[in-house]
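Peer 1: what follows is a predicted structure for the sequence shown.
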Amino acid sequence: MRMTTHHRALLERLFRVAIAAADPMTIVPAHLPAPRAGRTIVIGAGKAAASMARAVEMHWPGELSGLVVTRYSHSVPCSRIEVVEAAHPVPDAAGLGAAQRILKLVENLQPQDLLICLITGGGSALLSLPAPGLTLADKQAVNAALLTSGATIAEMNCVRKHLSALKGGRLGLACAPAQVVSLILSDVPGDDLSVIASGPTVEDASTFAEARAIMSRYQIEVPAAVQAYLASGAPETPKPGDGRLAHCQNILIASAYGSLQAAAQEARAAGYVPLVLGDFIEGEAREVARMHAGLAKQIALRGEPQARPCLILSGGETSVTIKSKGRGGRNSEFILALALALRDQNSIHAFAGDTDGIDGTQDNAGCFMAPDSLARAQALGLNAQDFLDRNDAYSFFEALGDLLITGPSLTNVNDFRAILIE
């Protein structure tokens, strides 16, 4: 069975509904705090930081100023809050400069002042101010190594927090004694606030010892200065119950779970029974794909745990251990592995994408899969397994015309996966 216009349009519509459920212009206004007697300053970091800043500007009743940093090409026009663009996922000098300026902005705040902190996924790389004694080059080396290691987002951010002057609650400490209200858009499985953008205003239970263990577990080679710092006995991040962060209020305003529920409602309207697996799913993209394939086959062949027509929905964040120099992000890799695992099925269509509109470092949001994907590839002389082995899923789906390119969505609630079983 070929992917019809109907199947593709439905899968894309579900993806766009999921994104719309996390649109900052819709969700930020309801969570804005009441003005205070002093100054109102807005700071922030992440892929959706600029769109969140724009929403604040449009709905704030009084004076305000500030600075947020977002990924290149993710800026939106703001009149009172400065927007700086920087590199993601490996930090650059622009992000370092923005972090230094943000730290300067929060110095000498008073108890009557209000600091609104806009935090979204991507903030770990974008708000990059190395701990004392470390350099930007050190942080770049660590980030690049972590990204290809297969480590989970929580593990990566544990390391990042312990190499930073701002993450792991340290920015919150710097803002005292002002009232801090952080509006947080989650891109991590389970919505742990201390993991999202490495929790710059959130208490942190992780430790230097855990960071060292992660580096050892994934055999990550880093500069000597980083190794020395992790073992130096430097002051820990503020831990749960630390009264020094009592002035910080952290509010989760959107997450993958809400987006999955919105997509499930849309699926019902289209005549499919949704089976929502949740937003806690992590692991190697190809292994997660095999698990999803097994469930899809169970539904297709046995009508369990849900009868057809059914739609499997899931979120979370998979990872990819890079072993070659191919092109493609974790969602593209998921879909290619799924296609291989479902090669004998003729009633299953699927899509996976990143809700920020960028899968990995390529220009696509995600990829579509149809029952005839492998047959079409074979007709073009393409071996799907070879592309998977080379981590080159982007090139595979580009040749098939099955990439979805949306541009930046200006939000970010992580992976979105939808599998149709008819």
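Peer 2: Right, received. Where do you want to start? Numbering: from 1, shown residues only.

Peer 1: low-scoring stretches of the chain, by residue?
Peer 2: Scanning the chain for pLDDT under 70 picks out the ranges 1-4.

Peer 1: what's the single longest helix in it?
Peer 2: As assigned by DSSP state H, the longest helix anywhere in the chain is helix 285-302.

Peer 1: buried set for that one?
Peer 2: Buried residues in helix 285-302, counted by 16 or more other CB atoms under 10 Å: 285-286, 288-290, 292-293, 295-297, 299-300. To be clear about C-beta, it is placed using only N, CA and C from the backbone, and glycine gets the same treatment.

Peer 1: for the residues you listed, which one is nearest Glu221?
Peer 2: Nearest to Glu221, judged by CB to CB, of those is Ala285 at 23.7 Å.

Peer 1: that older thread, tell me the helix or strand right after the longest helix of the chain.
Peer 2: Using DSSP states H and E, the helix or strand that follows helix 285-302 in sequence is strand 310-319.

Peer 1: can you pull out the helices in the stretch 101-250 of the chain?
Peer 2: With DSSP state H, counting those that start in this stretch as the criterion, the stretch 101-250 of the chain has helices at 123-126, 136-147, 153-161, 170-175, 208-217, 224-230.

Peer 1: apologies, that question was intended for the stretch 251-400 of the chain.
Peer 2: 256-269, 285-302, 330-341, 373-379, 384-389, 393-400.

Peer 1: dump the helices of the stretch 101-250 of the chain into CSV; add distance to Glu85 and mean neighbour count as well.
Peer 2: Below are these laid out as CSV (distance: least, CB to CB, whole Å; neighbours: other CB atoms under 10 Å):
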stretch, distance to Glu85, mean neighbour count
helix 123-126, 9, 30
helix 136-147, 17, 19
helix 153-161, 20, 25
helix 170-175, 20, 24
helix 208-217, 29, 16
helix 224-230, 26, 17
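
Peer 1: for Pro305, which of those helices is the nearest?
Peer 2: Minimum separation from Pro305 across those (CB to CB) falls at helix 153-161, 28.5 Å.

Peer 1: got the buried residues for stretch 413-422?
Peer 2: 413-421.

Peer 1: er, stretch 333-352 actually
Peer 2: Those would be 333-342, 345, 347-352, for stretch 333-352 by 16+ other CB under 10 Å.

Peer 1: if we can go back for a sec, got CSV for the buried residues of helix 285-302, with distance to Ala225 too?
Peer 2: Converted to CSV, the buried residues of helix 285-302 look like this (distance: CB to CB, whole Å):
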residue, distance to Ala225
Ala285, 32
Arg286, 35
Val288, 36
Ala289, 38
Arg290, 40
His292, 42
Ala293, 44
Leu295, 46
Ala296, 48
Lys297, 50
Ile299, 52
Ala300, 54
